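1. when you get a sec, could you give me coordinates for this:
(chains A and B)
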Amino acid sequence: MSIIKSTLHELQEGLTRGDVSATDIARAYFLRISVVEPKVKAYITLNEQEVILAEARALDEAMKSWRKTMPMMAMPIAVKDNICTKDMLTTGGSRILEGFIPPYNATVVDKLREQQCFLVGKTNLDEFAMGSSTEHSAFGPSRNPWKLDRVPGGSSGGSAAAVAADECVVALGSDTGGSIRQPAACCGVVGLKPTYGRVSRYGLLAFASSLDQIGPVTKDVRDAALMMNVLAGHDPHDATSADVPVPDFTRALKKKDVKKLKIGVPSEFFADGLDPEVHTAVREALAVLEELGGTQQELSLPHTGVAVATYYLVATAEASSNLARYDGVKYGFRTRECGDLMEMYQATRQEGFGAEVKRRVMLGTYALSSGYYDAYYAKAQAVRTLIRRDFERAFEAVDVLVMPTMPTTVFRLGEKIGDPLQMYLSDLYTVSASLAGVPAISVPCGFSRAGLPIGLQIVGRPFEEEMILRVARAYELATNWRRKRPLIR
Amino acid sequence: MTFEAVIGVEVHAQLRTRSKLFCGCATEFGLPANTRTCPVCLGLPGALPVINARAVAMAVRTGLALQCAVRPVNQFARKNYFYPDLPKGYQISQYDLPVCEHGRIELTVDGIARTVSIQRMHLEDDAGKTMHAHDGPGSFVDLNRAGTPLLEIVTGPDMHSAEEVVAYGKALRDMLMYLDVCDGNMEQGNLRFEPNLSLRPVGSDTFGTKVELKNINSFKFVKDAIGYEIARQTGVLEEGGTVHQETRLWDSAAGRTVVMRRKEDAHDYRYFPDPDLVPLTISDEWIEELRGTIQELPEARRQRFVRDYGLSAYDAGVLTASRGLADYFEACVALFAEPAMVSHFLMGEFLRVLHQAGATVEVSPVSPERLVALLKLVHDGTISLKVAKDLFPEYYATDQSAAELVDAKGLRQLSDEGALRVLVTEVIEKHPAQVAQYRGGKEGVLGFLVGQAMKRSGGKANPQKVHALLKTLLS
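-> Below is the predicted model of the structure:
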């Protein structure tokens, strides 16, 4: 078997059967990384090879006497660099966290490490997850493995690129307005944003607390279900994590069809501005789902048109407060030149944050200011309720909603960096599900003539990740898109 | 023109929880800097707050005691501002949906019953401490206190004099201590008073410009600062000047208030609901359960002490000022049904010795049982009250029983008729001049003769018997 081309479940089976050892896995991935990472630049920090090889040898030794493996044992996993890892640099893609080594693990990292996965490294992202291309990273952009002159999407672009380029078997991303689904679509991999509250946010550098969710980026849908088995669940350290039962997400995949499934097709997501190639690919995907037994139903999510505006008010308002802690006092970067306290704050934040972060902090500060609160933040929250109701009403009629993940295929490096509004429109199709707090998955559904991946987005009811995983898996098995891998050159 | 002061008070009471408001760190003080901290109270990236249910319970109990309405659903909000000892860059407080509101407290000022309205009470986390270097540049931040739970209690503008504010402050402190939710120590800052004050012409029903006072850490300073501020504002207005809306600090050394910040410098705190904390739901069942844990409150207990034990209002006030002392008193009275004697002794020698030792009634080495044993010796005539008082500091420091100590010191009261007669006869012989005065009609001299007899007996003679004997022998 090819270790690096294997999915998570294939690699787990290989290890359990004894076809490969933990050391084989570690060696294969480090070799792969040494070859492609200089081109892809998926990582900000790579774990030390010696550390992982030592772990691998210990695991192989242990497995000699005790064959039973935990699901994530020896699986090379990459973690988005806005998720805290104990004793390992965590930058958030920002200069302001220069030298910051967390003294604690995020809950999701603890859960994975308890199963003795390999922590390969920390992946690149737009600074504090604010962006759609990784071009806002203080460490330079990552590249799209399919076409190196293209961005990998964002903000979890490093995670999506690492999975697509076989630099890890699965990765963690975070999604605030599309930051898992959009780069997954750009890189031709699977990305799942769970229901808000399904996965603990403890240890995730907060961007917009009421929207942020950690989720998996994987090579296929089965891997996403396996990851959810580890990630999901109530965390006493996160008051917003939901205390609801956690199913075995892989059980939902047993059914290989979608018979009697009612599929909603929201017309607002197939309107002007949708790239014809993307439109065609998504319509073909809908036809596949019909062949598998589903029925299509056109419907409307009437407040879609104001979703991006709503999102940019709610998210920036929360961000302006969440990023206040980066003040140069306690950790990370502090300006060298400072007279008094106020100058220290101003210079530290001026030099430590990038342009996009500063733009959003200012926007959010404004939205919360006395005299403007009602017109902006309070109004945005009211509209958010309307958007949530749109989804509730839709889900009275249908089981899932299907739409494109992104209105276009992925753009070139530098193409939109000078035009923030154009960049924000990359999130046009993903922010609605974020505002509604519902789960959504992006799964590959084809390629443009230029050879760029296209993503299909499937959105479900709150805490019905099983449903969208089942639909996505049925679609994936009925098509062969996942077999196509990028040739990196 | 004569002016009337209109005063409201904001109180920050530090709640006596064992752990902080949003994390599991201990709320101990006096420990090395930054040793009672974790990712949450350090404001590390990614850390999240989780509400401490005990702090909520304390807030609800206080609200019920202050006759507030408890909100079934309340919300935490972020108050955003930058300061080095504010690690998150915002304080987690409550804004438009506080835990309790619309309450009141009854108090007595100069014998007159008054009611002060409580507008609202809310929970919030405390900041850390910034210390400035004495030599050289630099400041230091200690975050041990960061995240400690505070209950902010806000009154209506119902008070008009420093005396009223002090009476309110004392009544509130007594209540918080009775509820066991706050240590009530103003010097240590776990109870902070911030009065706000404006003047208006007597008879007017509009409000003047409000000044907030900070840095007041004793009831004496409450009185002094308000007195100063009323005089200052009166002076400004009488000269035709304008009172500025500002926050002023009390400088106790100089005995005056100084400007801390003007209204123009006031922060825009950009309050908004904290998205990390779901709205806090307080069920009726929980409220009733907490109501059941509230014992008799100071005012009711004071009234009961007057009614049931025949104490004066003043004595009852002193004895009920702290729950510990009131409990101690009642424990003594349960063993020894002489409330007047117990009250007299507790308020005098007992509290004096306790204060000298720097102790509190809760940790007094003299238990109610031991105190009653001593008082019973007075009651049955074994020793005089004076001997009991003189003996008390030693009794406080020893494990010996009262009877053992009295015997060891040979302090049993002289009540034997024959021995007393010898003693009194000696006194009569030694003071012929005073005896003559007495016989001449100056009855007051008898006291002198009793005193002499007591002195000769080393304080052991039974004064009542000496008094009676002298009268008989000199008649």
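2. give the other helices and strands that the helix or strand containing residue A:11 contacts.
-> When secondary structure is defined using DSSP states H and E, the element that contains residue A:11 is helix A:8-17. Contacts of helix A:8-17 with other secondary structure elements, assessed using 3 or more Cβ pairs under 8 Å, 6 or more residues apart in numbering or on different chains; DSSP states H and E, are made with helix A:22-40, helix A:221-231. (Each C-beta comes from the backbone N, C-alpha and C, glycine too.)
3. what does the last one contact?
-> What that stands for is helix A:221-231. Helix A:221-231 is contacted from outside by A:7-9, A:12, A:71-72, A:108, A:111-112, A:115, A:169-170, A:172, A:190-192, A:194, A:199, A:214-216, A:218, A:246, A:248-250, A:252-253, A:441, A:443, A:465, A:469, A:472-473, A:476, using Cβ atoms under 8 Å, 6 or more residues apart in numbering or on different chains.
4. show me what counts as buried in it.
-> For helix A:221-231, the neighbour count (16 or more other Cβ atoms under 10 Å in any protein chain shown) marks A:221-231 as buried.
5. doesn't residue A:215 lie inside a strand?
-> Yes - with the criterion set as DSSP: H, G, I helix; E, B strand; the rest coil, the secondary structure at residue A:215 is a strand.
6. circling back to that earlier point, please flag which of the contacts of helix A:221-231 sit within helices.
-> Of the contacts of helix A:221-231, the ones assigned to helices by DSSP state H are A:8-9, A:12, A:108, A:111-112, A:465, A:469, A:472-473, A:476.
7. so how far is residue A:106 from the closest residue to residue A:411 other than its chain neighbours?
-> Nearest in space to residue A:411, with sequence neighbours left out and distances taken as Cβ to Cβ, 6 or more residues apart in numbering or on different chains, is residue A:151 at 6.3 Å. The span separating residue A:151 from residue A:106 equals 26 Å under the rule Cβ to Cβ, to the nearest Å.
8. ok, residue A:237 next?
-> Residue A:237 is 10 Å from residue A:106, by Cβ to Cβ.
9. residue A:262: how many residues sit nearby?
-> Using other Cβ atoms under 10 Å in any protein chain shown, residue A:262 has 14 other residues around it.
10. ok, it to chain B distance?
-> According to Cβ to the nearest Cβ, to the nearest Å, residue A:262 and chain B sit 32 Å apart.
11. can you check what pLDDT the model gives that residue?
-> The model reports residue A:262 with a pLDDT of 97.
12. contact partners for it?
-> A:294-295, A:297, A:397-400.
13. swap the cut-off to 10 Å and go again
-> The contact partners of residue A:262, taken as Cβ atoms under 10 Å, 6 or more residues apart in numbering or on different chains, are A:294-297, A:395, A:397-400.
14. could you do residue B:171 as well?
-> Listed by Cβ under 10 Å, 6+ apart, the contact partners of residue B:171 are B:105-109, B:114, B:116, B:297-299, B:321.
15. same thing with residue B:227?
-> Listed by Cβ under 10 Å, 6+ apart, the contact set of residue B:227 reads B:5, B:161-163, B:255.
16. doesn't residue A:206 make contact with residue B:44?
-> No - with the criterion set as Cβ atoms under 10 Å, residue B:44 and residue A:206 do not qualify as a contacting pair; they are 11.1 Å apart.
17. mutual contacts of the two, please.
-> Residues within reach of residue B:44 and of residue A:206 at once, by Cβ under 10 Å, 6+ apart, are residue A:325.
18. okay, these two: which has more neighbours?
-> Neighbour comparison, residue B:44 and residue A:206: the larger count goes to residue A:206, with 26 against 23 (by other Cβ under 10 Å).
19. which element is the more buried one on?
-> If you go by DSSP H and E, residue A:206 is not part of any helix or strand.
20. is it true that it touches residue B:43?
-> No - between residue A:206 and residue B:43 there is no contact, the gap being 11.0 Å when judged by Cβ under 10 Å.
21. show me what the host helix or strand of residue A:286 is packed up against.
-> Under the criterion of DSSP H and E, residue A:286 resides in helix A:276-291. Secondary-structure packing of helix A:276-291 (3 or more Cβ pairs under 10 Å, 6 or more residues apart in numbering or on different chains; DSSP states H and E): strand A:262-266, strand A:295-299, strand A:400-404, strand A:440-447, strand A:453-459, helix A:465-478.
22. the last one to helix A:221-231, inter-axis angle?
-> Using axes from the mean of the first three to the mean of the last three Cα atoms, to 10 degrees, the interaxial angle of helix A:465-478 with respect to helix A:221-231 works out to 160 degrees.
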